[in-house]
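Enquirer: Can you look at this prediction? I've put the sequence above it.
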Amino acid sequence: MAKITLYNEQPMSATYVPNIFIDEYMTRANGEYVKIYLYLLRSISQPERSFSLSQIADHFDCTERDVLRAFKYWEKLQLFRLEYDENRNLSGICFLTEASRSLPETPQEDQKDLSNRFIQASAPKKPSCSLNDLKRFCEKDDVRELVFITEQYLGRTLNQSDLNMIFFWYDELQFSAELIEFLIENCVAKGHTSLHYMQKIAEDYAARQIHTVDEARQLMNQNSAVYHAVMKSFGIRGRHLIPSETSFLNTWSGRMGFSVEMISEACTRTIHAIHEPSFGYANSILEKWHRDGIHTLEEVKKADEAYQQSQNAKRGRNAGTAAAAPNRFINFKQRENNYDEIQKMLIQNSLH
């Protein structure tokens, strides 16, 4: 059995569990997957440690297939990267930093549009304010009340990093205290208590030029319809979508401008094609429609019909070519004999 090398992009001297894993990933994952992920975190404290699938399977009293399934689950969520040798055997696992995780790929021609309408990987960094700046910020009446309400929602006292983030929303993004309160309340109601998650929502608001609670509520209702449509079409139950999945939804309904019906249709076609939910596969369908200028179900129907006609014509041409080609078993010149006349001649010759 081949050995698998486990290593990290940055050294670790203790078992460290990222907060985002606890806040965003752990609660939605299968318990066995969580145990295997934590085991890898513990193992990586020993640099360049090697192990085999069978060792992990024996440790957790499961099969190697179960271990691989857990690996692929966490790789799909971009928490680590699986590496393979030339024979396609698993040879390494690299834990990724948050900066290494990528947003869905965007066609080159849409980059300019993306800069104004969608969250970008190069979003502005949150400012690091001095304690004096934060003190002056918290002296504002509306901010003081906002900080109190936020601490009630989160169930803890805000630290300097938290206040920096809220200050960024208030000062840099020009959000009102009411809009920030709505953002936090909505995220907490959905089970997202991480301010890093809320930062992504805030950047999405800014990209869509949302600056009032009414505009945010309208967007929430739209996104909620898309969210539930995708969950239903993919048959996802028992968990919420994670940020890397919801970012696809933002792309489809935001930058690409697709309706709920079109997004649902792409998800349904994904299930019919590969028999499992895949946001990447659905994204490829919607990207093609977007490039081809197809944005309604009627246009999809016409495109399907045109494709079917081209396929039928192609099959017809292939059939005609096959019929015209000579058969290698009868490619010699056929004799044109009248066997009745030959038989008469033979009879006459026998009588003479």
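Expert: Ah, there it is.

Enquirer: Does G92 belong to a helix, a strand or coil?
Expert: Following DSSP: H, G, I helix; E, B strand; the rest coil, G92 is assigned to strand.

Enquirer: which residues pair with it across the strands?
Expert: G92 has these beta-bridge partners by DSSP bridges: T5, E83.

Enquirer: Just to check, it is in contact with F71?
Expert: No. G92 is not in contact with F71 according to C-beta atoms under 8 Å; the separation is 11.2 Å. Every C-beta, even on glycine, is put in place using the N, C-alpha and C of the backbone.

Enquirer: and those two? which has more neighbours close in?
Expert: F71 (21 against 16; other C-beta atoms under 10 Å).

Enquirer: In which helix or strand does that one reside?
Expert: F71 belongs to helix 64-76 when assigned by DSSP states H and E.

Enquirer: So for G92 and F71, which residues contact both of them?
Expert: L82 (C-beta atoms under 8 Å, 6 or more residues apart in numbering).

Enquirer: Around R239, how many other residues sit close by?
Expert: Neighbours of R239 using other C-beta under 10 Å come to 11.

Enquirer: Could you report the separation of it from I56?
Expert: 24 Å (C-beta to C-beta, to the nearest Å).

Enquirer: can you check I149 too?
Expert: With C-beta to C-beta as the criterion, I149 and I56 are 45 Å apart.

Enquirer: which one of these two has more residues nearby?
Expert: Per other C-beta under 10 Å, whichever of I149 and I56 has more neighbours is I56, with 21 against 15.

Enquirer: List the residues that contact the nearest residue in space to the more buried one that is not next to it in sequence.
Expert: Closest residue in space to I56, ignoring its immediate chain neighbours: V67 at 5.0 Å, by C-beta to C-beta, 6 or more residues apart in numbering. Contacts for V67 (C-beta under 8 Å, 6+ apart) come out as I36, L53, I56, A57, F60.

Enquirer: what do you get if the cut-off is 6 Å, keeping everything else the same?
Expert: L53, I56, A57 (C-beta atoms under 6 Å, 6 or more residues apart in numbering).

Enquirer: residue boundaries of the helices in the stretch 1-150 of the chain?
Expert: For the stretch 1-150 of the chain, applying DSSP state H, counting those that start in this stretch gives helices covering 19-20, 31-43, 53-60, 64-76, 111-117, 131-138, 141-154.

Enquirer: As TSV, the ones you listed with distance to F167 would be great.
Expert: Shown next, in TSV, are those (distance: least, C-beta to C-beta, whole Å):
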stretch	distance to F167
helix 19-20	20
helix 31-43	33
helix 53-60	45
helix 64-76	34
helix 111-117	24
helix 131-138	5
helix 141-154	9
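
Enquirer: how about these, which one is nearest I263?
Expert: Distance to I263, taken as C-beta to C-beta, is lowest for helix 111-117 among the helices of the stretch 1-150 of the chain, at 16.7 Å.

Enquirer: can you list the weak-confidence ranges in this protein?
Expert: Applying pLDDT under 70 to the chain flags residues 1-3, 5-14, 45-50, 97-131, 133, 222, 243, 319-352.

Enquirer: now the strands: where do they sit in it?
Expert: Ranges of strands in the chain, per DSSP state E, are 4-8, 49-51, 80-84, 90-95.

Enquirer: Restricting to C-alpha, output stretch 249-258 in CSV.
Expert: Presented in CSV, the C-alpha positions along stretch 249-258 are these (Å, rounded to 0.1, in the frame of the first residue of the first chain):
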residue,chain,number,x,y,z
LEU,A,249,-25.8,31.5,-6.5
ASN,A,250,-24.7,35.1,-6.3
THR,A,251,-22.9,34.7,-9.7
TRP,A,252,-25.9,33.1,-11.4
SER,A,253,-28.5,35.6,-10.1
GLY,A,254,-26.2,38.6,-10.0
ARG,A,255,-23.6,38.8,-12.6
MET,A,256,-25.3,36.5,-15.1
GLY,A,257,-28.8,37.8,-14.3
PHE,A,258,-30.6,34.4,-14.5
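
Enquirer: Pull out the buried residues from that stretch.
Expert: By neighbour count with 16 or more other C-beta atoms under 10 Å, stretch 249-258 contains the buried residues L249, N250, T251, W252, S253, G254, R255, M256, F258.

Enquirer: Off-centre distance for that stretch?
Expert: Centroid separation for stretch 249-258 versus its chain: 13 Å, with C-alpha atoms, centre = their mean, to the nearest Å.

Enquirer: Right, I'll call it a day here.
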